[in-house]
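> what's the 3D shape of this:
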Amino acid sequence: MSRTPRSPRHRDRWTAISRSAWTDVALAGAVAYLATRLLGSSVNRAAADRGMPRFDPLDDLVGLGLVWILVALVMIVTRQRWLVLSAVAGIAVAGHVAQREKLAVLEEPLLPTDLGFLGNPGFLTSQTSASTVVLPFVAAGVVLLIAVVADRRRRRRVSTASAPVRRRRRIVSLVLAPVLALTTAVALDFNRPGNSLRALYDPDEIDCCAWGQLENYAVNGFVAGFLSNVPSLVMRPPDGYGRARIEEIVARYTDDLPDDDGTRLSDLDVVVVLSESVADPTRLDGLTIDRDPLARLRARSAEGWSGQTVATYYGTGTSTMEWQVLTGQSIGLVEPQIFSPYQSIVAGSSTYPSIVGWLAAYGGEAVAVHPFSGSMYQRRSVYDAFGFESFLDQGDFSDTTPLGTNPFISDTDTFTTTLDLLEAATTSTLVNVVTMQNHSPFFGWYPELPAIDGLVGDADEAVQLATWIRGLELSDLALEEFLGALATRERPTVVVYYGDHYPPVLPTGLRDANTEIETLLTPVLLWSNVDVLDPGRDLGVVDPTDLLPLAAQMVGARLPPYYRLVQHVQDVVGSVGRGQIVASDGTVRSDDDLTPEQRQVLDDYRQVQYDFAVGAGYGIDALWYDWVP
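Alright, predicted model coming up:
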């Protein structure tokens, strides 16, 4: 039987559709190449300064092909050719500008979690010039408007086509829509074991941030580097994880607990202060300062306990440090693509285990204070999950006194608000304070700057460095006045004060003159207005997770089993960070250097953290407090 040939009209219908589709595919390929090349150019420029080779999009055919396919599918499914092309081009331009600015300040490329800052244009403009932020968006808006007009005219031409042609176009869109959704889902799940897209890469190459993000992007390309940081997997299940393993750990850390009538942190007022960009520049080789900017903090150390803690990153990572202190969980145990646990782990959860929940279990209350936007790092959602009763952000600070031309709310005003909260409290209260006074960038805000010498960079770098150091002096004075006020309180109060990281203003020569760990250590002060055990104790280097357990130990308060575990990790293993472990004397070692005993303790900790963060929560009640998920 001979096959009936298709009519010329039928062939014309599919020819019109296929020509349009192939045009979309060709245009998508061109814009995909140009976009990935533009986004990689700023990385190439920064990498070249470190002697790394340039990376071309054609070196990553998997990543380029993924972008090409996604752009083509979106164009065909939405039937918005020029709008999609313009949107991709606009995103590439805006991303290039943002990445160039971020690399200049932090030496770090764009990460998926940076998208959260789009909801805070005020913060973005405070970190660079307004024109740098606004102009790309204005230009993109104009281009998109032109594209909308062009697509409308195109749709009017398409509408004149026959009904069968229009119907077949809709069928093609409906068929390809699931393909687009599936491809997007696979890309966003890039870090899940067994991901089919990741399997196309050499596993020895896609080893997310084992060496640092700039080199990650320079070696693997922008697409692969960006995908390797998409936070889809929080922690891999540790070997043997289950109820039985957790019960074994519970038994180990609940043996010989003190009597239940012992003092607890929940019997005290506790003030936890994350002091923005407070670090100790006097520890840096190659820098001379005419006076000690942290003299008062050092003097108060004789009354309490003091030491250094290990920042997660240089120049950034505030919320990561805060997460570690409040939860007792270590950033060193989660997957390397998790850069902001607040955004990647906690936000969106109804509840999440933290010191707040533990205090609430004993009738205490908790208030958070952050004199800046409450949406930064999705703190509103995070604080709700932790169980904070209330949250005061910059909108709750009405009567403030600026320090020179510093645009941020001062530490003095922040501490005044904190004191008001403590005086109004009717029960034991935790106040978690995150300051903003010393947030970068620094533009010569103060009339009097300290004299500095050594590896201070050019004139602009020297001014920024001196401005930061002057801000430290003012923070030091504010802390002294705050502790002085607390000393007169009748209610017993404990203060945990720590810096989150160095600001990104150390000149290259100064950073090169110091080891990496020296540019990560920040000061810690544990202080109380009641008698402390062994006043003046030097803690050496301690992990952020251990600050609250140490504060309890300082005043003789009973530790819950979970904090006994956290403290045991500090005592036996050290500070567990990203790819390194730091002993109390500052010595840096790797997992390979651990003894069998240390490995056992670290495995206990990893099992419990997995259980608390993403697992079934078998041990939360027994190790910490009665937790209702």
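
> where does pLDDT dip in the stretch 151-300 of the chain?
The stretch 151-300 of the chain contains residues with pLDDT under 70 at 151-166, 203-212, 256-262.

> tell me the SS of Gly540?
With DSSP: H, G, I helix; E, B strand; the rest coil as the basis, Gly540 sits in strand.

> wait, Pro407
Applying three-state DSSP: Pro407 is coil.

> do you know how far it is from Phe442?
11 Å (CB to CB, to the nearest Å). C-beta here means a position set from N, CA and C on the backbone, and glycine is covered the same way.

> show me where the stretch 151-300 of the chain has its helices.
Counting by DSSP state H, counting those that start in this stretch, the stretch 151-300 of the chain has helices at residues 163-188, 213-220, 222-227, 243-254, 295-300.

> so for the residue nearest the centre of the chain, what's the pLDDT?
With distances taken as CA atoms, centre = their mean, Ser340 lies nearest the centre of the chain, 2.7 Å away. What the model reports as pLDDT for Ser340 is 85.

> excluding chain neighbours, what is closest to it?
Thr113 (4.6 Å; CB to CB, 6 or more residues apart in numbering).

> again with Gln567
In space, and not counting its chain neighbours, Gln567 is closest to Pro549: 4.6 Å by CB to CB, 6+ apart.

> hang on, the one you found in a helix?
Yes - assignment of Pro549 by three-state DSSP places it within a helix.

> thinking it is in contact with Pro560, fair?
No - in this structure, Pro549 is not within contact of Pro560 by CB atoms under 8 Å, at 9.0 Å.

> the stretch 451-600 of the chain: strands as residue ranges?
Using DSSP state E, counting those that start in this stretch, the strands of the stretch 451-600 of the chain run over residues 452-454, 493-499, 521-528, 537-542, 575-576, 581-582, 588-589.

> all helices for the stretch 501-629 of the chain, in order.
Under DSSP H, counting those that start in this stretch, the stretch 501-629 of the chain gives helices at 508-512, 547-554, 561-572, 596-613, 620-623.

> mind giving me the packing neighbours of the last one?
The one in question is helix 620-623. Packed against helix 620-623, as judged by 3 or more CB pairs under 8 Å, 6 or more residues apart in numbering; DSSP states H and E, are the following elements: helix 243-254, helix 561-572, helix 596-613.

> buried residues, it. List them.
For helix 620-623, the neighbour count (16 or more other CB atoms under 10 Å) marks 620, 622-623 as buried.

> just for the stretch 1-150 of the chain, where's the confidence low?
For the stretch 1-150 of the chain, the stretches with pLDDT under 70 are 1-19, 105-106, 116-145, 147-150.

> circling back to that earlier point, tell me the SS of the residue nearest to Ser340?
Classification of Thr113 by three-state DSSP places it in helix.

> coming back round to it: switch the helices of the stretch 501-629 of the chain over to CSV; also include mean pLDDT and distance to Tyr446.
What follows is the helices of the stretch 501-629 of the chain, written out as CSV (pLDDT from 0 to 100; distance: least, CB to CB, whole Å):
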stretch, mean pLDDT, distance to Tyr446
helix 508-512, 94, 21
helix 547-554, 96, 30
helix 561-572, 96, 38
helix 596-613, 97, 42
helix 620-623, 95, 47
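
> just these: most buried one?
Highest mean neighbour count among the helices of the stretch 501-629 of the chain (mean count of other CB atoms under 10 Å): helix 547-554, with a mean of 24.

> got the angle for that helix vs strand 493-499?
When axes from the mean of the first three to the mean of the last three CA atoms, to 10 degrees is applied, the directions of helix 547-554 and strand 493-499 differ by 140 degrees.

> packing partners of helix 547-554?
Packed next to helix 547-554, using 3+ CB pairs under 8 Å, 6+ apart, are strand 269-275, strand 305-310, strand 493-499, strand 521-528, strand 537-542, helix 561-572.

> which residues touch the last one?
When contacts are defined by CB atoms under 8 Å, 6 or more residues apart in numbering, helix 561-572 is touched by residues 249-250, 253-254, 257, 328, 542-543, 545-546, 548-550, 552-553, 559, 576, 584, 597-598, 601-602, 604-605, 608, 622-624.

> with the second one instead?
Under the criterion CB under 8 Å, 6+ apart, residues 280, 297-298, 321, 498-499, 517, 520-526, 532, 534-544, 547, 550, 554, 575, 577, 582, 586 lie in contact with strand 305-310.

> which strands and helices sit next to the next helix or strand after that strand?
Of the helices and strands lying after strand 305-310 in sequence (DSSP states H and E), the nearest is helix 318-327. Counting contacts by 3+ CB pairs under 8 Å, 6+ apart, helix 318-327 packs against strand 269-275, helix 341, helix 355-361, strand 429-434, strand 493-499.

> what number of residues lie near Arg379?
Arg379 is flanked by 25 other residues according to other CB atoms under 10 Å.

> on that earlier part again, looking at the helices of the stretch 151-300 of the chain, which is nearest to Thr316?
Nearest to Thr316, of all the helices of the stretch 151-300 of the chain, is helix 213-220, at 10.9 Å by CB to CB.

> and that closest one, what other elements does it pack with?
Counting contacts by 3+ CB pairs under 8 Å, 6+ apart, helix 213-220 packs against helix 8-48, helix 222-227.

> what are the contacting residues of the shortest one?
When contacts are defined by CB under 8 Å, 6+ apart, helix 222-227 is touched by residues 36, 39-40, 43, 57, 60, 62-64, 66-67, 109-112, 187, 190-191, 197-198, 201, 205-206, 213, 216-217.

> report the buried members of the residues you listed.
Among those, those buried by neighbour count (16+ other CB under 10 Å) are 36, 39-40, 43, 57, 60, 62-64, 66-67, 109-112, 187, 190-191, 197-198, 201, 206, 213, 216-217.

> mind giving me TSV with the helices and strands packed on helix 547-554 and columns for distance to Ala347?
Shown next, in TSV, are the helices and strands packed on helix 547-554 (distance: least, CB to CB, whole Å):
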stretch	distance to Ala347
strand 269-275	18
strand 305-310	24
strand 493-499	23
strand 521-528	25
strand 537-542	28
helix 561-572	23
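
> for the ones you listed, which one sits closest to Phe397?
strand 269-275 (16.2 Å).

> give the pairing partners of the closest one; include direction for each.
Strand 269-275 sits in its sheet next to strand 429-434 (parallel), strand 493-499 (parallel), going by DSSP bridges.

> my understanding was that Val356 contacts Phe386; is that so?
Yes - under the criterion of CB under 8 Å, Val356 makes contact with Phe386 at 4.4 Å.

> intersection of neighbour lists for the two?
With CB under 8 Å, 6+ apart as the test, Val356 and Phe386 both reach 326, 366.

> OK, contacts around His439?
Applying CB under 8 Å, 6+ apart, the residues contacting His439 are 126, 276-277, 372, 408, 503.

> redo that, cut-off 6 Å
276, 408 (CB atoms under 6 Å, 6 or more residues apart in numbering).

> Three-state assignment for it, please.
From three-state DSSP, the assignment for His439 is coil.

> per-residue confidence for it?
At His439, the model reports a pLDDT of 93.

> same check on Met376?
Taking Met376 on its own, its pLDDT is 80.

> and Gly457, which of the strands paired with strand 269-275 is closest to it?
strand 493-499 (21.6 Å).

> show the average pLDDT along that closest one.
pLDDT averaged over strand 493-499 gives 98.

> quick one: contacts of it?
With CB under 6 Å, 6+ apart, strand 493-499 has contacts from 268-273, 275, 278-279, 309, 486, 522-529, 547, 551.

> could you redo the last one with a cut-off of 7 Å?
265, 268-275, 277-279, 309, 479, 483, 486, 522-529, 547-548, 551, 555 (CB atoms under 7 Å, 6 or more residues apart in numbering).

> rewinding a little: which of the helices and strands packed on helix 620-623 sits closest to Arg379?
Arg379 sits nearest to helix 596-613 of all the helices and strands packed on helix 620-623, at 18.4 Å, using CB to CB.

> list of residues touching that closest one?
234-235, 237-238, 241, 245-246, 249, 329-330, 333, 345, 353, 565, 568-569, 572-573, 576, 594, 617-620, 623.

> mind doing that once more with 6 Å?
235, 238, 241, 245-246, 249, 329, 333, 353, 569, 572-573, 618-619.

> alright, I will stop here.
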